[in-house]
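A.B. asks: quick one, structure for this:
(chains A and B)
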Amino acid sequence: MRYPEHVSAGGNAPPADDLTNPFAKDSASIADGSQIFTRMNCDGCHGAGATGWVGPSLVDGRWRYGGSDGSLFQSIFYGRPRGMPAYGGVMSAGAIWRVVSYIRAQPVPSTVPTERWEPPQRP
Amino acid sequence: MHRAYVTLLFVTALQGTSPQDDGQWTMPAKNYAATRYSGLSQITPTNAAKLRPVWNFSTGVLGGHEGQPLVVGSTMYVVTPFPNVLYAFDLTQQGYPLRWKYRPDVNPAAVGVACCDAINRGAVYADGKIIYNLLDGHTVAVDAQTGREIWKTQIGDIGEGETTPMAPFVARNRVIVGPSGGEFGIYGWVKGLDLATGKILWTAHNMGPDSLMLAQSGRGAFGGAANIGVSTWSGDAWKRGGAPVWGWISYDPQLDLIYFGTGNPGPYNTEQRPGENKWTNSVLARRPANGTLVWAYQFTPHDSWDYDANAEMILADFVVGGRMRKVLVHFDKNGFAYTLDRATGEVLVAEPFANVTWAKGINRTTGLPILDTTKTTGVSKGNVKGICPSLEGGKSPASPAAYSPRTGWFYTATNNLCMNFEASQVTRIPGTPYIGASTPYMAGPGGNMGEFIAWDAARGRKVWGIKEKYPVWSGSVVTAGGVVFYGTLDGWFKAADARTGKPLWKFKVGSGVVGAPISFRGADGKQYIAVYAGIGGDWFLLSGDVRSDDPADVRPPADFAPDLARHTSQGGTVWIFGL
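C.D. replies: So this is what the prediction gives:
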């Protein structure tokens, strides 16, 4: 679930995981990350451009397991139970961080919340 | 009670031509011949307009509801998509309450490995057991009376990309099963399990050395040379060459042969697997008792387009070219409908039933397609445009056809889609996709993306067709009453006159139909039609915006079908209709 939106027992949030991406918005890393996304066959499950296929969309601005750098790293390194393979055994931390940079650099489409088939009508 | 079912099973006739239908539906495709023909005749073209829903039930599951229920005696059995719940409904009581439900322990990791939604294609009844596959590579047998698990056998390995949504088949006390995973670089196989214990008695691969294929070399149509499963590949590419078995199986007891189709070679990029890639995209005829390969025929050698041959092989006997023949009829993803001699694999008829651009025809002497070489794909070919059918197939193997011995015609859903195909180099990482292609779709000529057709397989021509706006992705059932049933992706369930194609009736079932209807006789002696609603399978992926249960997964619509979600969302319901 979206970690920041968890209910904290007693109102006390646990200490946040403080993994930070060493590459962040570096454009060369983003370009590398895009290639790694294809090379590691992520696109086969999340679709080209990561818009969702068997795995969920990674570009809709919504996250099952959190959209922070650290959460994305953990999703990729350790996998997730409903079909996300753990890549920690075949990818270096550096490669994973580059993919995180790539995912976080994708624009979130503005039309996501409402899909409309008829022209707007006045009440 | 349950002993009576067993004896009833033995009277299931090969062709469905027996004068009496027992009113049950005990195997996926109704009978060994896979005709999906029901001998029931109360519902006719004259009264079909009076059909009404008599019952429905939410399965509580949202994935693509492919396949069909079973009716054994007075119980209806329903298997859901992952997590593969098995429901047993008591058809003798008002409201059809459950006798029991069985909740298997299925590994959710399988959901990511299933290429195209976490679907299931149904169960088979034999020897007092309901037998079906769990998505995560297991086959289970459950006591049909009590719902108690009798045996559970691991048949596949999700770590290698194998999932198991197909419906098992039983012949000669063997439970025949196969895996999905053509998009994961699996080493395709079929297995024969002991019906009583679930023990794996034989495993036959679809490529590789004869010893692993259980092949008799020197036999078979169109080139049964020794070790053809190695020599038609380069190096050891056969070890990750795909050839999954996720479709339907049929059986001829006289010839003692089971028939099934194999899926695509992996990866999609042809240049990583030079050669004909036998026996991918093929029909294989094997002995059920020990798996021996007797003959095989490859529909699409060295596949360039993901034209899996997993569609059903329907067995029928009719006159072709002036001679009575024992045939099998197959509507391939590649757009051709084949009528083969089922003893030898000889091609008798091969004509397009959909719009085809990749080949100009099939040479009946060699069995080889006559290619349009401008449509073959591979990394060095760049983006190849205007390939028809798309890789959804001229017809999907997920939507099995029906055959009526009364009209002599076959009834099938078809797709009218084309694609562009841009291949790329890909590395196999076990447990992840092994594809290497980008393949956007567009509607074919005419703009209607689907059509439901009647087909004359003796002559290789369409008899009639009902055009549909969206691809038609449901199975069909045809009845002795002369009515044929199918469903649409935008959520209609329809009846048509089997002889004329005249639409007779339709009902909006709440979600797109990707299942296969059945017909059965109820405890009250009346004829009923049952079908699943529940869009999914490829359409879970393709029409991305039909999902509403996950706030963290919001997808754009498919560019070629942007308004499908206006008419349907995911949902799983079992429907029963009657007069």
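A.B. asks: helix, strand or coil for residue 32?
C.D. replies: If you meant another chain, say so; for now it's chain A. Following DSSP: H, G, I helix; E, B strand; the rest coil, residue A:32 is assigned to helix.
A.B. asks: quick one: contacts for it?
C.D. replies: A:98, A:102 (CB atoms under 8 Å, 6 or more residues apart in numbering or on different chains). (Each C-beta comes from the backbone N, C-alpha and C, glycine too.)
A.B. asks: ok, it to residue A:97 distance?
C.D. replies: 10 Å (CB to CB, to the nearest Å).
A.B. asks: how about the residues of the stretch 1-150 of chain B that lie near chain A?
C.D. replies: B:108-117 (CB under 8 Å from any CB of the partner chain).
A.B. asks: tell me the one of the residues you listed nearest chain A?
C.D. replies: Checking these against chain A with CB to the nearest CB, the nearest one is residue B:112 at 2.0 Å.
A.B. asks: wait, residue B:229 sits on residue B:213?
C.D. replies: Yes - the pair residue B:229 / residue B:213 is scored as a contact, 5.1 Å apart, by CB atoms under 8 Å.
A.B. asks: now residue A:91: closest residue in space that isn't a chain neighbour?
C.D. replies: residue A:40 (6.5 Å; CB to CB, 6 or more residues apart in numbering or on different chains).
A.B. asks: which residues are in contact with the one you found?
C.D. replies: A:87, A:90-91, A:95, A:99, B:429, B:432.
A.B. asks: contact partners of stretch A:43-63?
C.D. replies: With CB under 8 Å, 6+ apart, stretch A:43-63 has contacts from A:2, A:37, A:42, A:64, A:67, A:71, A:83-84, A:103, A:106-109, A:112, B:111-112, B:114-117, B:183, B:432-435, B:438, B:541, B:544, B:550-556.
A.B. asks: can you list the weak-confidence ranges in the chain?
C.D. replies: No chain in the question, so chain A it is. A:1-5, A:16-18, A:111-112, A:123 (pLDDT under 70).
A.B. asks: look at chain B instead
C.D. replies: Along chain B, segments meeting pLDDT under 70 span B:1-19, B:217-224.
A.B. asks: among the contacts of stretch A:43-63, which ones are in strands?
C.D. replies: Residues from those lying in strands, with DSSP state E as the criterion: residue B:438.
A.B. asks: please indicate which of the contacts of stretch A:43-63 are buried?
C.D. replies: A:37, A:42, A:64, A:67, A:71, A:83-84, A:103, A:106, B:111-112, B:114-117, B:183, B:432-435, B:541, B:544, B:552-556 (16 or more other CB atoms under 10 Å in any protein chain shown).
A.B. asks: and those residues, which of them are in helices?
C.D. replies: Among the buried ones among the contacts of stretch A:43-63, DSSP state H puts A:37, A:42, A:71, A:103, B:111-112, B:541 in helices.
A.B. asks: which stretches in chain A count as helices?
C.D. replies: A:27-39, A:42-46, A:69-78, A:93-104.
A.B. asks: same question, chain B
C.D. replies: Counting by DSSP H, chain B has helices at residues B:2-10, B:110-113, B:210-213, B:228-231, B:538-542.
A.B. asks: so which of the helices of chain A is nearest residue B:330?
C.D. replies: The closest of the helices of chain A to residue B:330 is helix A:42-46. By CB to CB, the value is 28.3 Å.
A.B. asks: joint contacts of residue B:229 and residue B:213?
C.D. replies: By the contact definition CB under 8 Å, 6+ apart, residue B:229 and residue B:213 are jointly contacted by B:205-207, B:279.
A.B. asks: residues in contact with residue 122?
C.D. replies: Just going to use chain A. Contacts of residue A:122 were listed using CB under 8 Å, 6+ apart, and none were found.
A.B. asks: that's the wrong chain, I wanted chain B
C.D. replies: So residue B:122 contacts B:28, B:66-70, B:79, B:132, B:167 (CB under 8 Å, 6+ apart).
A.B. asks: can you tell me which of these is closest to residue B:420?
C.D. replies: Nearest to residue B:420 among the contacts of residue B:122: residue B:66, at 27.2 Å, using CB to CB.
A.B. asks: please report how far residue B:139 lies from chain A.
C.D. replies: Here the criterion is CB to the nearest CB, to the nearest Å. By it, residue B:139 lies 21 Å from chain A.
A.B. asks: contacting residues for that residue?
C.D. replies: Each residue near residue B:139 by CB under 8 Å, 6+ apart is listed here: B:131-133, B:152-153, B:155, B:164, B:168, B:175, B:177, B:193, B:198.
A.B. asks: which ones among the residues you listed lie within strands?
C.D. replies: B:131-133, B:152-153, B:175, B:177, B:193.
A.B. asks: what's the local residue count around residue B:231?
C.D. replies: Residue B:231 is flanked by 15 other residues according to other CB atoms under 10 Å in any protein chain shown.
A.B. asks: looking at it, it is touching residue B:237, isn't it?
C.D. replies: No - in this structure residue B:231 lies outside contact range of residue B:237 using CB under 8 Å: 11.8 Å.
A.B. asks: quickly list what's touching both of those two.
C.D. replies: By CB under 8 Å, 6+ apart, residue B:231 and residue B:237 have these common neighbours: residue B:275.
A.B. asks: quick one on the thing from earlier: now the buried members of the contacts of residue B:139.
C.D. replies: Of the contacts of residue B:139, these count as buried by 16+ other CB under 10 Å: B:131-133, B:153, B:155, B:164, B:168, B:175, B:177, B:193, B:198.
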